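Engineer: Give me a model of this one.
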Amino acid sequence: MNHPSNQTNLTPEIISSTQLQRNIGDTLRRVFKDKQHLIVERDGLPVLVMLPIADYEALNRSADQTTNQ
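Structural biologist: Have a look, this model is predicted:
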């Protein structure tokens, strides 16, 4: 897999749950270091999103601000 490091890509890549199981270390590196967003599918259905913790926290802050308005 070719993935540019230190480049934020906000377009999520779709991977299968099998790919995640087989490549968990590489997948975690891609999310943590390469700041990638991933959608994990099982049997063709999206079941999980993986994103860096900073992006998750920003999303929560944004949701909180929207809720508190």
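Engineer: Now do the buried residues in the helix or strand of the chain with the lowest mean pLDDT.
Structural biologist: Least confident helix or strand, the chain: strand 9-16 with a mean of 87, by mean pLDDT, DSSP states H and E. Neighbour-count burial for strand 9-16, counted by 16 or more other CB atoms under 10 Å, picks out Ile15. Every C-beta, even on glycine, is put in place using the N, C-alpha and C of the backbone.
Engineer: partner strands of that strand, parallel or antiparallel?
Structural biologist: strand 36-42 (parallel) (DSSP bridges).
Engineer: buried stuff in the strand it pairs with?
Structural biologist: Buried residues in strand 36-42 (16+ other CB under 10 Å): 36-38, 40-41.
Engineer: Skip ahead from the least confident helix or strand of the chain and say which helix or strand is next.
Structural biologist: helix 17-22 (DSSP states H and E).
Engineer: Report the mean confidence score over that next one.
Structural biologist: Taken as a whole, helix 17-22 has a mean pLDDT of 98.
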